[in-house]
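Student: Sequence first, then the predicted structure:
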Amino acid sequence: MKKNKTKLFYIENYGCQMNVSDSEIITSILLKNGYVLSESLEKANIILLNACSIREKAELTIKKRLEQLQYLKKEKDKKTIFGVVGCFSIPIKNFLFKEKIIDFLVNPDSYKEISNIISYAMMGKKYFFIENKNETYADIIPFHLNKNKITTFLSITRGCNNMCTFCIVPFTRGREKSSNPYFIINECKRLYKNGYKEITLLGQNVDSYRWNENFLNENIKKIEIDFSNLLYLIAKEIPFMRIRFSTSNPHDMSDKVLKVISKFPNICKHIHLPVQSGSNKILKLMNRKYTREKYLSLIHKIKTIIPECSISHDIITGFCNEEEKDHKDTISLMNEVKYNYGYMFYYSSRPGTYAYRKLKDNVPINVKKKRLKEIIDLQKKHSFFRMKKYLGEVQEVLIEGESKKDSQYWYGRNTQNIVVVFPKKNNKIGDIAFVKITKTTSATLIGK
Ligand code: 5AD
Ligand code: SF4
């Protein structure tokens, strides 16, 4: 009992869905090694911050949070260990070491070592950093932390080979590696047996998923599984599990994937397809490997093969050398696509990236922010335009929980990943409800 008390850990998550998924791997590793998951930060004596460094703002949030938490170190009779895991840039790593406000750092390829690292830190050995290469965690069953026990994430690839010039991910998460498909399918089956109804397959670029296996067999010499094969196998093996995936890189999305999505009702009809910019000049500077024309023809193909598919985006404003006419190109692309929703950011230069080293961050911050506001306002209009089409329609909604605004209402999502809220009746979390849409905002459908 006493042993457990000294190993109570708490993880605070920052950043993307991949970090949530990683926290589940870390939790699984720590539980196996005798650690106990603490529900509250104050009770824990091992505090882990799963950091994000994709934009400067995210790193500043981590810094601030760590400073805020220092009071816990001063508590009497309790020795609190602080660790940062996840993605961090070299400057923040150096800052954390110099300031000595944490006990250790672990990068995303070294989570298998985390129990040893914490033990060392508890023994008083401090401030070290471990870096392994090529870890997929294929043999670790994640401890799914999502409280609703209905929807969850599963990583199928880690890292990224794309080297977009603005992006720190290839440096923090390393080269791309795919997990074993047998493990992925078994994990999906296990989750379904345990009551889960929806799984989101995660990767920085799921469309480049690839698994090769060679056999010393006369008949089958080689097996190659790509993302379309993987989707097909999961959808076929577990027909009542909803399947989502994120993120798709326009450069790698194949017709085969689109056909599999259209064939299976349990694969959700939504594609997150970051465009980043509508200007060919900027796409080239970003090393995105597609043109505006190719992107638009992919959108056309999606709408032809899967007419009901919703599409969302990521866009960056104010990238290096972005002029007013490039910004106008982004606006005109948005007007052509009329996305269902999107995530928008102004460019922040990240240490180590090509853009940081070789290009000038020469768009003034007020211009970056002005352009960002313009595209956010435009996206709101487009979202509302798309949402209005649902009025009067009946949507199939997986109930995920109680609405945050009103406990008399459920909230869930339809196949297109649009949030729907509606009054509770004789249904429960995990049920499918058929909801008639009566009202809408730009982000939520309301029905009965
Ligand atoms: N500055 C601003 N936004 C960025 N993103 C990635 N790197 C940066 C950066 N340096 C955005 C991209 C990506 C999303 C996850 O974050 O739009 O698709
Ligand atoms: Fe970053 Fe580009 Fe890889 Fe996405 S595809 S993680 S933006 S390098």
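Tutor: Arrived safely. Residues are numbered from 1 along each chain as shown. Ligands and ions are numbered 1, 2, ... in the order given.
Student: Please make it C-alpha for all contacts and neighbour counts, starting now.
Tutor: Noted.
Student: Quick check: residues of this protein near ligand 2?
Tutor: Within reach of ligand 2 by C-alpha under 6 Å from any ligand atom, the chain has these residues: Cys160, Asn162, Met163, Cys164, Cys167, Val169, Pro170, Gln204, Asn205.
Student: The stretch 51-200 of the chain: helices as residue ranges?
Tutor: Under the criterion DSSP state H, counting those that start in this stretch, the stretch 51-200 of the chain contains helices at 56-69, 90-99, 114-122, 169-172, 181-193.
Student: just the stretch 251-400 of the chain next, same as before
Tutor: Applying DSSP H, counting those that start in this stretch to the stretch 251-400 of the chain gives helices spanning 255-263, 280-285, 292-305, 324-337, 354-358, 365-388.
Student: need the ones you listed in TSV with mean neighbour count and mean pLDDT, can you?
Tutor: Supplementary listing: those in TSV, determined by neighbours: other C-alpha atoms under 10 Å; pLDDT from 0 to 100:
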stretch	mean neighbour count	mean pLDDT
helix 255-263	17	98
helix 280-285	18	98
helix 292-305	16	98
helix 324-337	17	98
helix 354-358	16	97
helix 365-388	17	98
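Student: Highest mean neighbour count out of the helices of the stretch 51-200 of the chain?
Tutor: helix 169-172 (a mean of 20; mean count of other C-alpha atoms under 10 Å).
Student: Can you tell me the closest non-neighbouring residue to Gly412?
Tutor: Leaving aside its chain neighbours, Gly412 sits nearest to Ile399 (4.4 Å; criterion: C-alpha to C-alpha, 6 or more residues apart in numbering).
Student: That neighbour: neighbouring residues, count only.
Tutor: 25 (other C-alpha atoms under 10 Å).
Student: before we move on, back to that, which stretch in the helices of the stretch 51-200 of the chain is the model least sure about?
Tutor: Ranked by mean pLDDT, the helices of the stretch 51-200 of the chain bottom out at helix 90-99, which scores a mean of 83.
Student: Restricting the selection to alpha carbons, write it to PDB.
Tutor: Output of helix 90-99 as PDB, limited to C-alpha atoms (Å, rounded to 0.1, in the frame of the first residue of the first chain):
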ATOM      1  CA  ILE A  90      15.700  22.500 -28.700                       C
ATOM      2  CA  PRO A  91      15.400  26.000 -27.200                       C
ATOM      3  CA  ILE A  92      12.600  25.000 -24.700                       C
ATOM      4  CA  LYS A  93      14.600  21.800 -23.900                       C
ATOM      5  CA  ASN A  94      17.600  24.000 -23.000                       C
ATOM      6  CA  PHE A  95      15.400  26.400 -21.000                       C
ATOM      7  CA  LEU A  96      13.900  23.600 -19.000                       C
ATOM      8  CA  PHE A  97      17.400  22.100 -18.200                       C
ATOM      9  CA  LYS A  98      18.800  25.500 -17.300                       C
ATOM     10  CA  GLU A  99      16.000  26.600 -15.100                       C
END
